[in-house]
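Visitor: A structural model of the following input is requested.
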Amino acid sequence: MTDPLMYQEDHFVVLEPNQPEQFLTAAELLEKLKDVLSQRQQNLPPELQKFNSIEAQAKYLIDTSCDLDLEPGQFLQWYAVRLEK
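Guide: Reported below is the predicted structural model:
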């Protein structure tokens, strides 16, 4: 039987061009994605256009993706990580 800890997504590493990697909580990643998406409502990928709220768009991305292309050469990537204490 698999350990449920394997499927927890409490922390993420976030990668952006020319930036150091960031470790964010799930709530912090949600806020970061909401901020990015709020600036891009006129240029959303088709799969995000069906959502009525920016929060729903951000949650969908966290649940189904690990990256967002912003423009040529610009992207945002995130990966779930387990931090040891």
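Visitor: which elements pack onto the strand or helix carrying W78?
Guide: Taking DSSP states H and E as the criterion, W78 maps to strand 74-81. Helices and strands touching strand 74-81, by 3 or more C-beta pairs under 8 Å, 6 or more residues apart in numbering; DSSP states H and E, are strand 11-15, helix 26-38, strand 67-71. The way it works is simple: take the backbone N, C-alpha and C, and place the C-beta from them, glycine included.
Visitor: lowest-confidence stretch among the ones you listed?
Guide: Sorting the helices and strands packed on strand 74-81 by mean pLDDT places strand 67-71 lowest, at a mean of 90.
Visitor: got CSV for the helices and strands packed on strand 74-81, with mean neighbour count and distance to Q57 too?
Guide: Shown next, in CSV, are the helices and strands packed on strand 74-81 (neighbours: other C-beta atoms under 10 Å; distance: least, C-beta to C-beta, whole Å):
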stretch, mean neighbour count, distance to Q57
strand 11-15, 17, 17
helix 26-38, 16, 5
strand 67-71, 13, 10
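Visitor: nearest to S53 among the ones you listed would be which one?
Guide: S53 sits nearest to helix 26-38 of all the helices and strands packed on strand 74-81, at 9.3 Å, using C-beta to C-beta.
Visitor: quick one: contacts of whichever helix or strand comes after the closest one?
Guide: Beyond helix 26-38 on the C-terminal side, the first helix or strand identified by DSSP H and E is helix 54-64. For helix 54-64, the surrounding residues in contact (C-beta atoms under 8 Å, 6 or more residues apart in numbering) are 9, 26, 29-30, 33-34, 37-38, 41, 44, 47-48, 51, 68, 78.
Visitor: list the buried residues in helix 54-64.
Guide: Neighbour-count burial for helix 54-64, counted by 16 or more other C-beta atoms under 10 Å, picks out I54, Q57, A58, L61, I62.
Visitor: contacts for the strand holding W78, please.
Guide: By C-beta under 8 Å, 6+ apart, the residues outside strand 74-81 that reach it are 9, 11-17, 23-24, 29, 32-33, 36, 62, 66-70.
Visitor: hmm, try it at 6 Å
Guide: The contact list for strand 74-81 (C-beta atoms under 6 Å, 6 or more residues apart in numbering) reads E9, H11, F12, V13, V14, L15, E16, L29, C66, D67, L68, D69.
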